[in-house]
Each structure stands twice: as C-alpha cells, then as structure tokens.
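**Student:** Just a sequence and a predicted model for now, questions to come.
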Amino acid sequence: MNRRNTIATIFFLLLAVLFLSASVGYAQPQAAFDRGSEELQQGNITEALDIWYAAYQNGNQVDSRIGFEFIRAVAKHDLYSYYETATSFYYRALVEGSGQQSRVAIKQEIDRLAPIVGDGIARQWNQWWQEQLAVLGTDMRGYWVQQDPTPSKLTNERLIEHWKRIADASARFTKNSSTIYGSDDRALIYIRYGEPDRVRNGILTLQSANIRPWLENQLQQPASTEEMESAPKDIELRDAELTNRLLDAMYRYHQYPEYEIWFYENLYSTQQEPIIFLFGTDVNTNRFSLQTSLEDFIPERAYNPERERDEDEGDEFNFTRAGITPALMLQLIYYEQLAQADPFFESRINALKDDLLEQGLQAYQGMDLQFRTESRNMVNQKITEAPVEKSTYEDELPQIPLQIHHYRFIDPEIGPSIITYIESSPQEAFLIDYYRNREVNSTEDSLQLGTNVLYQLPFYELNHYLQTYTKQWTIDESYAQSLPLIIEKNAGGPVSRSYVISKHTQQSNQSASVELINLNPDSKSINNTLFSSALRGRNKMQFRQPAPLVQHEDSLELADLVLGYQSEDNLTPPYSFTVANDQIVPFGKTLILHLEVYNLAKMESGFTQFELTYRIFPIDDDGNLLSDQTEFILTLNFTNEETTVIEDLEIETADLGPGLYELILNITDTQNQQVKERAIRFEVLE
C-alpha cells in the first residue's frame, strides 16, 4: 500500500469514527429515555430515575421527554426527596430540549398545560412552537416560575401539584380517553381546581307518577258547546291520544343519561354561589364528557319533534303548535330530579313552572329553547367568574399579609439604584400555629399572650426573600433576611420590615416572599401539603420593577419621593425618620419629605441653583384632586456647590385635619429651566 492510499484509508477511518461518535452521542438521550421507561414499566422507579438523572447530568444533549417523565414519576409516587431535581429537570426540558423527539414532547406539554393557562396563552405558545422560536421555552418556564409559591426554594410546589393532579386524573377518570391525559373530560377540570367540594352523580330517569296527570291537564284543549254536546267521548279520546303521543315521544328521546355534577364552593374570595361543572353521557356521541347544561342530555330533535312527523298524522299531533314539546317535559323532569342537589337546580325548576303557569297554552312555543339558552348562560357566567386554575394547597397555609414598596434613586458609586422594602405582618399566622399546638405549648385550658408565647418565640423564624430574574427567568440575584418575630396584644400586630438596595438598570421581573418557620420538632405540621413540614405561614408577590431613573449629566432628574414623619421610636433605615410606606401619617406629626435632585447645571460661579415648589391638595371621597382648594403651598430656592442635592424637607402640617391629600413637588433648574415633577398621596389619621 503506497503512502497516498494509507493517508486516504486513515482519513476515511477518522470520518467513520467521527460519524459513529456523533451517532452514539445523538442516540444516547433516546436510549436513556427508553431504558428508563422500561424500568418504570417493570416497577423499578428509582432505577428509572437514576438512569434519567445520569442522562441529564452527564449528557451533552437534553431529551425533553426525560424531564417530563421524570417529574411525572416523582409526582405520581410522592417521592419528596426528588422534588428539587424534578423541578430542575422540568425547567431544562422546556428550555434546553434538542431533536425532533423533544420538539414533539414540548407540543404535548403545551396541550397538557392548555386547561390551566387559558386559551390566549396556549394559542401564543402554539404559534411560537410552529415558528420554532426559542422564546417558547423561556416563556413556559416563566409561567411556572411565577406560579411558584416558595420562589426562594428550588422546589416548585405548584408544579409538583399540577403533575400529581395529572397522575390522579389519569388513574381515576377512565370512562374514555378523550383528553391529552388519557382520561375523560373530568380531568380538564380536576387539573384546574383539584378535588371538588361536592359531587352528585346518578342516572336521569322518567320514573315519575305525576307525568301522565300533568300531561293530561296541560294538553286539554278547549271544546265548543256543540262539541261537548255532540261528541264528548271523541274529545276525551283526542286528549288521551295527545297524551299518549307525547309520552311516547318523551320515552323515545329520553336516553337515561348518566351524569356527574361537581360543585366548587371557594374558588375566589367574593364567590357567593357554587361553580358548577356538569359531566355526563353525550346524546350525540354516547361518550362521557363535559356538558354546558342539563339540556345537553336532551336530543336536539326533541325541541322540534314535528320534523319527524308522518304526513298522515294530522295537525292534532303538532306538539309545538299545542305549546308542549318532549324537550320541555324532559326539562321539567330532569331539573326536578336535581332540585335537592343545589339551589341552582331548584331555582330553575321553579322558574320553569312559574312560566308555564303564567303563560297561556298558545304562548308556550319556543319556551324550551329559551329556557335552555338561559340555563347555559347562567352556568357559563359562573364559570367565567372563576380563576382559570387554583392550587388546592393555597388556602391550607395561613397567608401572611405582604407589601412591597420601591424607591428609585441614583447612587454616586453604582448609578441608578432602587430600594425595595418588604413588609409583612406574621402575627395571625403565628397565633394560628401556636393554638394548633396547644398541648405542645402548654397544659393550660386557656392560653394568653404571656409567658407561654414568649417561651415559644425562639422556635420560630421569620424570613424575607427577594429574587431578581434574568430575561430567561433564571435567578440573577437573591436576597434573604431573617427578622425577629415580635408579637403584640393588638389585633393586627407589628409590621416586620426589611430592605435591600440594588443596582437598577432595567425593568427586571422580581418576586418577594415571606415564610414563617416553626423549628420545634415536637410541634404538629399542617397536613396534606407539599410544603416543608416546618412551614407555618407564607405569601408571595410577583412584580416588575419600575423603569430606572435616567443618569445623564445634561438631564435634570429627581428621585422618587420618600414620605415620612418624625418618630423617636420607629426609625426606618436607611433614613433617619419613620418612612410611611403605607402613606399614612398620624395626625399632628411633622411631615418629612426626603428628596434627591441630580444633574443640576452649574452656573459660571460654579454653583448650582434650583427652585422647589410644593403644593398639598385635598382629595374627595371619589379620589378626585380638588385643585381649587390648596391647603399648603410653598416655594423655596436652593443654592449649592454640588450637582446633586439630598434634603429631608420638614413640612409643618399641624393644621392638616384627618383626610386624604396629594402632595405635588415641582423642581426647576434655574440655570437651564429644566423641570421635574413628582406627586404622592397620603392620608392623615387620628
């Protein structure tokens, strides 16, 4: 073999090795998915998870199917120790998936999420999927990041709950497999809201002894005196025949449908009546599916039975003309059977009976269709008032009142910056947990806010968290602070406050959260939640930062106004006064306005000069500013050596009576006439 042939052989061998390596590298994720799936089918759950874990930790490519199946297996089998990993792998499956198998898996995940995200988001995701845009994975991840009830932790409990619902629905609702979950339509609602508060099920029947007497009474047609005298028997036969005809039609259209009704009592705070979801046998497909109202169990032809009449039947059998249809009778019977299930059905049957009694026989035409439309609209109206989804665990843990306040300023060292205050009121959550553990805390029959409470306080931790996210919804910065838990005898309790100062160059997405932790190993945890057993109260807020201040030496800028008042007992760092984040100022206190002015233009003398004018206007009960009733107005002139001026301006407001006000501050640079204005509302309380 000559040298040229040797080189060619080596070259082709290298190509073959590279091709084989690439092929093996591409096949590895798929092989890992298949091997893990086989182990899972054989009941070897941990073995399957180990295979998939290794594939995600060591592989160069991400098979999205692994991330989805990993979290499915973890949620289905309640593997608490895997929750963090399952959350992480799920996020990677959304963002890092590669190959056609991953693309198909992402499309399936969009379909699985459609019931809980709503039609608008699902349409947008499907469009991005069609266009193969990378923003899709980022946005899907962002959806779940914003749903996370404990954003300071790696585990997303709401995500785990969602997959637990999928597992439950797939196992329980198996009358057919009409949904993406391999189950019937009940899964669509269960995955949105979890277990209903009440369930009523059964089969609609025609077993009513009152059907014939009622029909005979309604179908009696007025006869003339001549008819009554000449052929009374014929009239009786005619009415009896009409009754028999209608009864036959009712039994012909009645299909003994199976039904199941779900009632949700507390899907939103102002809910006054149950939200109703009706499932049952579809009269057209014979499948068990979601219905819009009880009328869906009545075939369409029952509303217009004349379409199927024989030509030789005669006009006397025209039910619609007589004012009665099989559909109308079935409506009466069906609603009557469910009258005890919920006041909604009772009110509907009463309304239909009232309409029948009030209207004459010839006015019945179209009543069945009108009543069907009204029933559908009433059910749908209730559904549209409900949120698109809700966590089962949301109400299990006490919600700690939480408030977030931002103040923008410019720091000479780091530039545009922002102070974020986190304020929480954990006293109620503490007391709920304290009394739940009555036997642990004390043997007394009646507990007071005294020595027993003070003894328990060291077991509790109150933590504030603040996360800032990148555009890809990964955590960019994270802040945590533990605060002392202070309990007072007043109803609301004290406000626990923390703050963080951070660089502010863009409008980042953030989350703030608060958690109350009980570290007493002997205390009872809150049952049936996915949270840590030590967690006894929580809350979270998701928000977007305001736009940063402009830092340009030729542009006058004014920081956000910080409103407060003098108080020796409760200073608010980093300020030397009490900041009124809630914009409430006690009556008789001296108002303090912290202001920072930047980028003042220098005069030839080297000094800067600006004019400050503030006005205080009352606000009426409708929230309107009464500009013609200025309470205070003052103009001040400032001359300084620096281009930045920071002042705590004291405003004597002893004459301000209790009420709502708006303070408008105007800053004018007298050198270049640039103007900045800020406004802030506050309330004076006795």
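**Tutor:** That came in fine, so what should we check first? Numbers count the residues shown, from 1 in each chain.

**Student:** Send me stretch 134-142 as CSV with only the CA atoms.
**Tutor:** Presented in CSV, the C-alpha positions along stretch 134-142 are these (Å, rounded to 0.1, in the frame of the first residue of the first chain):
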residue,chain,number,x,y,z
ALA,A,134,-36.6,29.9,21.5
VAL,A,135,-38.8,32.3,23.4
LEU,A,136,-41.3,29.5,23.8
GLY,A,137,-39.3,27.5,26.4
THR,A,138,-38.4,30.7,28.2
ASP,A,139,-42.0,31.8,28.4
MET,A,140,-43.2,28.4,29.6
ARG,A,141,-40.5,28.4,32.3
GLY,A,142,-41.5,31.9,33.2
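
**Student:** hmm, who's touching that stretch?
**Tutor:** The contact list for stretch 134-142 (CB atoms under 8 Å, 6 or more residues apart in numbering) reads 91, 94-97, 106, 109-110, 113, 124-125, 128-129, 469, 471-473, 509. For the C-beta atoms, the positions are set from N, CA and C on the backbone; glycine is no exception.

**Student:** now do 10 Å
**Tutor:** Residues from elsewhere that reach stretch 134-142 (CB atoms under 10 Å, 6 or more residues apart in numbering): 64, 90-97, 102, 106, 109-110, 113, 117, 121, 124-130, 133, 469-474, 509.

**Student:** Restricted to buried residues, select these in PyMOL.
**Tutor:** PyMOL command restricting the contacts of stretch 134-142 to the buried ones, with burial defined by 16 or more other CB atoms under 10 Å:
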select buried, resi 64+90+91+92+93+94+95+97+102+106+109+110+113+117+121+125+128+129+469+473+509
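
**Student:** SS state for the residue lying closest to residue 151 once chain neighbours are set aside?
**Tutor:** Of all residues not flanking residue 151 in the chain, residue 511 sits nearest, at 4.3 Å (CB to CB, 6 or more residues apart in numbering). Using DSSP: H, G, I helix; E, B strand; the rest coil, the structure places residue 511 in strand.

**Student:** How about the contacts made by residue 511?
**Tutor:** Shown in contact with residue 511 (CB under 10 Å, 6+ apart): 145-146, 148, 150-152, 404, 465-469, 475, 478, 540-543.

**Student:** Make a ChimeraX selection of the buried ones in those.
**Tutor:** A single ChimeraX command selects the buried members of those (16+ other CB under 10 Å):
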select :145,148,150,151,152,465,466,467,468,469,540,542
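
**Student:** Just the ones of the contacts of residue 511 in helices?
**Tutor:** Under the assignment DSSP state H, these contribute 145, 146 to helices.

**Student:** if you look at the contacts of residue 511, which of them are in strands?
**Tutor:** Of the contacts of residue 511, the ones assigned to strands by DSSP state E are 404, 465, 466, 467, 468, 469, 475, 478, 540, 541, 542, 543.

**Student:** For residue 158, state which of those is nearest.
**Tutor:** Nearest to residue 158, judged by CB to CB, of the ones in strands among the contacts of residue 511 is residue 540 at 10.3 Å.

**Student:** For that closest one, name its beta-bridge partners.
**Tutor:** When bridges are called by DSSP bridges, residue 540 pairs up with residue 513.

**Student:** same deal with residue 651?
**Tutor:** Note on residue 651: beta-bridge partners residue 591, judged by DSSP bridges.

**Student:** Residue 616 against residue 652, yeah?
**Tutor:** No - the criterion here is CB atoms under 10 Å, and residue 616 misses it with residue 652 at 11.1 Å.

**Student:** Which neighbours do those two have in common?
**Tutor:** With CB under 10 Å, 6+ apart as the test, residue 616 and residue 652 both reach 591, 632, 634.

**Student:** picking up where we left off before, dump the ones in strands among the contacts of residue 511 to a markdown table, plus pLDDT and distance to residue 638.
**Tutor:** A markdown table is the format used below for the ones in strands among the contacts of residue 511 (pLDDT from 0 to 100; distance: CB to CB, whole Å):
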| residue | pLDDT | distance to residue 638 |
| --- | --- | --- |
| 404 | 97 | 32 |
| 465 | 98 | 40 |
| 466 | 98 | 35 |
| 467 | 98 | 39 |
| 468 | 97 | 35 |
| 469 | 97 | 40 |
| 475 | 96 | 42 |
| 478 | 96 | 40 |
| 540 | 97 | 43 |
| 541 | 97 | 38 |
| 542 | 96 | 40 |
| 543 | 96 | 35 |
